[in-house]
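3D, please:
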Amino acid sequence: MTDLDLCYTPASELARLYRTRELSPVDVVQNALNRIADVNPTLNCFCFTYPEEALEKARAAEQVFMNDGENAPPLAGIPLAIKDFTPTKGKVTTRGSKLLEDWVPDWDPVLVQRLSAAGAIMVGKTTTPEFATSGFTDTPLWGTTRNPWNPDCTPGGSSGGSGAAVASGCVPFAEGTDMGGSVRIPAGLCGIVGLKPSLGRIPMDIIDTVFDNISHFGPLARTVTDATMFLDAVQGEHVCDIQSLPRCDLSIPATSDVRGLKIALNINLGFYAVDPGVEANLRTVADALRHAGADVTEVDLDWDKSVVDDWTGTWAVFMAAAYKNLTDVPLDENRERMSKGLAALVDAGQKIDAVTQRQWEFRRTGQWQKLGAILDSHHALLCPTMCIVAPSADLGDNDFGELDDNGMLLGMDMTSPFNYTAQCPALSVPSGFHNDLPTGAQIVARKRDDALALRIGAAVEKAMPWASERPDI
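Residues are numbered from 1 along each chain as shown. Coordinates of the predicted model:
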């Protein structure tokens, strides 16, 4: 039998119960495996599980707590999931692609090494769209992943498997990657916490370049404190990533005092068509922060759709180069084995010239100057994570992008612009429900101040607690 209360117990509480010997990691990991078995036939959030290895590590963790629990690693015995985009030594890593369905990496990235050193136990790997290229988790290799709140809907992408796994109580937190919102999109659509840290806060060593400036690792969790615990375990500079940052001070549990902070509120970033229900919930978050002592003022950001268009082009060039680095096989010879979205991205990227890319950087500079001016006089920007609640899982990225009668973008996510300002951490926290589906608020803090983003998120969590909300699955 699966203990649902245990499924939804935060990692921070599990760690406490382990140390007082009120709970065994063996029971928790077995319960996590039971929950995966319960929900995965419906949600398809895991493509691999490792029950024997996970239980063996749980028994070892149990002995640690029996012998010297006070000195146990911070995440000892906590079950977690790793996204199938992230290599894991000796375990098949497909990245959702038939091109890699037999790839068994012989190394662990720094993030996985640090999670293991902190004592976390990987119970499985979560589904991702092919090469993490979509806001919908639908892959030619593993099929469609679904939202725990309504299985007819998408959990988002590309860390959709991780988002669904956390929201459905399989694990208290999971790893994701975020190049255009791939942590925050599932967080927003699944009603959980998702953090894109400052660029370099977690060393990025799983793509073909250390000079990319839109790519991040980040946690998906059910509480801000759990996301902070994850970040604290894996942060810090490393020689593998020339852009990696030193450790920053993080409070565990997360500090929630926002008295005296100045927060800028913006509903549409200047060009998005935002669902009225999403806007209403965001304004409720703004009011909660005001009541907690923050000064929240509505501002104009005055961006336009070019920020999304330019990011999309940047992503296409990245994927075209990554494809060429992966294989010498011409795209047309692999096209039938690939998702239409990935093939279209590679096609588009191959046609973009270097001068055009440099012009995007010029525009990107102007976009940063507008956001930078706001963050110079405010501690953070508050905006929606998503324009809408979770759409049908049968749709895809190409079903969005038109303009409405007022010239506003009919999009889904509002996340990719903040990968273009990658040094600023961006945190998605639940903001309520609309049409029985979660909505999210996005907190974009001053550059490299991850603790500030988490602090504001903790204040929202304290004022509008969401931990008791569980999907009926």
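
where do the helices sit along the stretch 301-450 of the chain?
Remark: helices assigned in the stretch 301-450 of the chain by DSSP state H, counting those that start in this stretch are 306-326, 331-334, 340-350, 354-377, 450-463.

Grab the most central residue of the protein for me.
Nearest to the mean C-alpha position of the chain, by Cα atoms, centre = their mean, lies residue 183 at 1.4 Å.

Turn the helices of the stretch 301-450 of the chain into CSV, including distance to residue 136, mean pLDDT and mean neighbour count.
In this view, the C-beta of every residue, glycine as well, is placed from N, C-alpha and C. Formatted as CSV, these follow (distance: least, Cβ to Cβ, whole Å; pLDDT from 0 to 100; neighbours: other Cβ atoms under 10 Å):
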stretch, distance to residue 136, mean pLDDT, mean neighbour count
helix 306-326, 15, 97, 19
helix 331-334, 21, 96, 13
helix 340-350, 8, 96, 19
helix 354-377, 25, 97, 13
helix 450-463, 25, 98, 24
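
Enumerate every residue touching residue 447.
Residue 447 makes contacts with 198, 375, 421, 423-424, as judged by Cβ atoms under 8 Å, 6 or more residues apart in numbering.

out of those, who's nearest residue 261?
residue 375 (12.1 Å; Cβ to Cβ).

What's the separation between that closest one and residue 243?
When distance is defined by Cβ to Cβ, to the nearest Å, residue 375 is 20 Å away from residue 243.

go on, residue 280?
Per Cβ to Cβ, residue 280 is found 39 Å from residue 243.

And these two? Which one has more around it.
residue 243 (17 against 13; other Cβ atoms under 10 Å).

before we move on, the earlier item: most neighbours among the contacts of residue 447, please name it.
Neighbour max across the contacts of residue 447 (other Cβ under 10 Å) = residue 424, 26 neighbours.

isn't it right next to residue 418, touching?
Yes - assessed by Cβ atoms under 8 Å, residue 424 is found in contact with residue 418 at 6.4 Å.

Look at the residue lying farthest from the centre of the chain and give its secondary structure.
What lies farthest from the middle of the chain is residue 67; by Cα atoms, centre = their mean that is 35.7 Å. Secondary structure assignment for residue 67 (DSSP: H, G, I helix; E, B strand; the rest coil): helix.

how close does it sit to residue 53?
Taken as Cβ to Cβ, the span from residue 67 to residue 53 is 22 Å.

How about residue 425?
Taking Cβ to Cβ as the measure, residue 425 falls 33 Å from residue 53.

Tell me which of the two has more neighbours.
Each of residue 425 and residue 53 has its neighbours counted (other Cβ under 10 Å); residue 425 has more, 29 against 13.

Tell me which residues touch the more buried one, please.
Contacts of residue 425 (Cβ under 8 Å, 6+ apart): 195-198, 201, 444-445, 448-450, 452-453.

Take those and write them to a markdown table, including distance to residue 268.
Listed next are those as a markdown table, based on distance: Cβ to Cβ, whole Å:
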| residue | distance to residue 268 |
| --- | --- |
| 195 | 23 |
| 196 | 20 |
| 197 | 25 |
| 198 | 25 |
| 201 | 28 |
| 444 | 14 |
| 445 | 20 |
| 448 | 26 |
| 449 | 25 |
| 450 | 26 |
| 452 | 24 |
| 453 | 21 |
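
Looking at the residues you listed, spot the one nearest residue 135.
Ranked by distance to residue 135 (Cβ to Cβ), those are led by residue 196 at 14.3 Å.

burial count for the closest one?
35.

all strands for the stretch 101-250 of the chain, in order.
Using DSSP state E, counting those that start in this stretch, the strands of the stretch 101-250 of the chain run over 121-126, 138-139, 143-144, 173-178, 193-196, 216-221.

Let me know which of those strands is tucked in deepest.
For the strands of the stretch 101-250 of the chain, the largest average neighbour count (mean count of other Cβ atoms under 10 Å) is found in strand 193-196, namely a mean of 34.

So what touches that strand?
Residues outside strand 193-196 that contact it (Cβ under 8 Å, 6+ apart) are 159, 163, 176, 178, 181, 183-188, 216, 218-224, 226-227, 231, 415, 418-419, 425-430, 450, 453-454, 457, 461.

Would you convert the strands of the stretch 101-250 of the chain into TSV that also reports mean pLDDT and distance to residue 75?
Shown next, in TSV, are the strands of the stretch 101-250 of the chain (pLDDT from 0 to 100; distance: least, Cβ to Cβ, whole Å):
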stretch	mean pLDDT	distance to residue 75
strand 121-126	98	9
strand 138-139	94	29
strand 143-144	98	31
strand 173-178	98	9
strand 193-196	98	16
strand 216-221	98	11
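
between those, which gets nearest to residue 367?
Of the strands of the stretch 101-250 of the chain, nearest to residue 367 by Cβ to Cβ is strand 193-196, at 16.6 Å.

Pull the CA coordinates from that closest one and hand them back as PDB.
Extracted in PDB, the C-alpha atoms of strand 193-196 (Å, rounded to 0.1, in the frame of the first residue of the first chain):
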ATOM      1  CA  VAL A 193       8.200  25.200  -7.300                       C
ATOM      2  CA  GLY A 194      10.800  25.500 -10.000                       C
ATOM      3  CA  LEU A 195      14.000  27.500 -10.000                       C
ATOM      4  CA  LYS A 196      16.200  28.700 -12.900                       C
END
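
quick one: strands adjacent to that strand?
Partner strands and pairing direction for strand 193-196 (DSSP bridges) are strand 216-221 (antiparallel), strand 426-434 (antiparallel).

Against residue 48, how distant is residue 11?
Residue 11 sits 21 Å away from residue 48, going by Cβ to Cβ.

Settle it for me: which of these two has more neighbours?
Higher neighbour count among residue 11 and residue 48: residue 11, with 26 against 19, using other Cβ under 10 Å.

show me what contacts the residue nearest to that one when sequence neighbours are not counted?
Among residues not flanking residue 11 along the chain, residue 172 sits closest, at 4.1 Å (Cβ to Cβ, 6 or more residues apart in numbering). When contacts are counted by Cβ under 8 Å, 6+ apart, residue 172 touches 9-11, 14, 78-80, 166, 221-222, 226.

Ok, residue 331 next?
Contacts of residue 331 by Cβ under 8 Å, 6+ apart are 323, 343, 346-347, 350.

Would you check how far apart it and residue 344 are?
Relative to residue 344, residue 331 is positioned 10 Å away (Cβ to Cβ).

what does residue 394 give?
Distance check for residue 394 against residue 344: by Cβ to Cβ, it reads 18 Å.

beta partners for residue 442?
For residue 442, the beta-bridge partners are residue 383, residue 428 (DSSP bridges).

I misspoke; the intended subject was residue 144.
residue 138.

mind listing what it touches?
Residues in contact with residue 144 (Cβ under 8 Å, 6+ apart) are 44, 137-138, 393.

Which one of these is nearest to residue 260?
residue 137 (40.4 Å).

Give me the distance between that closest one and residue 159.
Computed as Cβ to Cβ, the residue 137 to residue 159 distance reads 8 Å.

who's more crowded, those two?
Using other Cβ under 10 Å, the more surrounded residue of residue 137 and residue 159 is residue 159, with 39 against 35.

per-residue pLDDT, that one?
Confidence at residue 159, expressed as pLDDT, is 98.

before we move on, what about residue 429?
On pLDDT, residue 429 comes in at 98.

my guess is it meets residue 224, correct?
Yes - contact criterion Cβ under 8 Å: residue 429 and residue 224 qualify, at 6.9 Å.
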